[in-house]
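Undergrad: what's the 3D shape of this:
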Amino acid sequence: MTPPYQITHRILQLIVSISEKIGEINASHLQKAPAALRKTNRIKTIQSSLEIEGNTLTEEQVTAILNNKRILAPQKDILEVKNAIALYDAIHEFKPNSQTSFLKAHKILMQGLIATPGKIRSTAVGIVKGSKISHIAPIGQMVKPLLNELFAYLKSNEDLLLIKSCVFHYEIEFIHPFIDGNGRMGRFWQTIILKDHYPVFEFLPIETVVKRRQADYYKALSIAGKLGNSTVFIEFMLAVIEEALNELSLNQLLPIKGKDRITQFAALIKDASFSRKDYLENFKNISVATASRDLKEAVKAGMLEKTGDKNTAVYRFKKY
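TA: Have a look, this model is predicted:
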């Protein structure tokens, strides 16, 4: 069963805009930002997603915990951060279409915070905003079947991945499969869904924009719930993604360094032999001298095997 939503003109406009921005990033080989910026954006992502749920720690405190430094703060807030760091450290272990992966991620995220991390709830639950109940989630007996349908949709539906990721995010908020941690899991799994197809999403701090527009975020969820479809929420989240990509502009991203270029090329070329010319074909914005230096340093670092010399040199990555 396909969750209810409509493809609107606004959704199509946002898809086109997002696709163009991702294309610009990919064309410039900037889909993986420099290491320092990746770390900064990861910290922003963790801090923002937790703050949305009431965590009090600042980016500076999250950075300190990431660097194994002690801080003075509520133990629950510290544990939430440590769990979130562990979750994002394991980001490549999760498979988007796997419910087992989804439950494993929740267990890491909520370990020590609730009695049943990684377990689907069997009891009733309501979501309270202020003094009012904003949403009564489906009864416990419905959670497993609804999750099964949602993952089947994610795996089989032919709609664009950007749309499906937003639908999944909303449906997790609606189903509320866990006693706690649903919002964090909805936002995290949207990243899991998108990152393999669009590598930029692994380090794109979408949660920072969501935190800044938190009132609109909850409003979109509320409207979608009342209307019985996720159209409004899809529009909202696509606008958030567009805004996050705008902030991660090419002006903010420094040109990638030689080691990053080599790492990217290794993932592309795998175990095939290649020449300096092949390397230059992939990185058209660097000079012959820069390409030679990249390859020389990779050979020196033990990443590459080299046979021949100068223009006749052939390379192969050792790890393959």
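Undergrad: which residue is nearest the centroid of the chain?
TA: Compute the mean C-alpha point of the chain, and by C-alpha atoms, centre = their mean the closest residue is residue 191, 2.7 Å away.
Undergrad: Wasn't that one part of a helix?
TA: Yes: Residue 191: assigned to a helix according to DSSP: H, G, I helix; E, B strand; the rest coil.
Undergrad: OK, contacts around the closest residue to it other than its chain neighbours?
TA: Ranked by C-beta to C-beta, 6 or more residues apart in numbering and with sequence neighbours excluded, the top spatial neighbour of residue 191 is residue 201, at 5.6 Å. Any C-beta I mention is one placed from the backbone N, CA and C, and that applies to glycine too. Contact partners of residue 201, counting by C-beta atoms under 8 Å, 6 or more residues apart in numbering, are 191, 194-195.
Undergrad: show me the contacts for the residue nearest to the centre of the chain.
TA: Residue 191 neighbours (C-beta under 8 Å, 6+ apart): 91, 201-202, 204, 206.
Undergrad: on that earlier part again, per-residue confidence for the residue nearest to residue 191?
TA: pLDDT, residue 201: 93.
Undergrad: From residue 188, how far out is it?
TA: 11 Å (C-beta to C-beta, to the nearest Å).
Undergrad: give me every residue that touches residue 177.
TA: 120-121, 143, 146-147.
Undergrad: Let's verify residue 239: helix, strand, or coil?
TA: Strictly by three-state DSSP, residue 239 counts as helix.
Undergrad: So it sits against residue 13, correct?
TA: No: counting by C-beta atoms under 8 Å, residue 239 sits too far from residue 13 to count as a contact (9.9 Å).
Undergrad: neighbour-wise, which of those two wins?
TA: More crowded of residue 239 and residue 13, by other C-beta atoms under 10 Å: residue 239, with 20 against 14.
Undergrad: How many residues are close by residue 259?
TA: 15.
Undergrad: Pull the contacting residues for it.
TA: Taking C-beta under 8 Å, 6+ apart as the test, what residue 259 contacts is residue 297.
Undergrad: And it, how far from residue 202?
TA: 18 Å.
Undergrad: Distance to residue 54 for the contacts of residue 201 - can I get that in JSON lines?
TA: Formatted as JSON lines, the contacts of residue 201 follow (distance: C-beta to C-beta, whole Å):
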{"residue": "191", "distance to residue 54": "21"}
{"residue": "194", "distance to residue 54": "26"}
{"residue": "195", "distance to residue 54": "26"}
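Undergrad: From those residues, which one has the minimum pLDDT?
TA: In terms of pLDDT, residue 195 ranks lowest among those, with 93.
Undergrad: Enumerate every residue touching it.
TA: So residue 195 contacts 91, 201-202 (C-beta under 8 Å, 6+ apart).
Undergrad: switch the cut-off to 10 Å
TA: Contacts for residue 195 (C-beta atoms under 10 Å, 6 or more residues apart in numbering) come out as 91-92, 94, 96, 165, 201-204.
Undergrad: which stretches of this protein form strands?
TA: 126-129, 132-136, 304-307, 314-317 (DSSP state E).
Undergrad: which sections of the stretch 51-200 of the chain are below the confidence cut-off?
TA: 126-135 (pLDDT under 70).
Undergrad: What segments of it are helices?
TA: 59-66, 75-89, 99-110, 140-156, 161-175, 182-195 (DSSP state H, counting those that start in this stretch).
Undergrad: now these as a markdown table including distance to residue 301?
TA: As requested, the helices of the stretch 51-200 of the chain are exported to a markdown table (distance: least, C-beta to C-beta, whole Å):
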| stretch | distance to residue 301 |
| --- | --- |
| helix 59-66 | 26 |
| helix 75-89 | 24 |
| helix 99-110 | 32 |
| helix 140-156 | 40 |
| helix 161-175 | 35 |
| helix 182-195 | 27 |
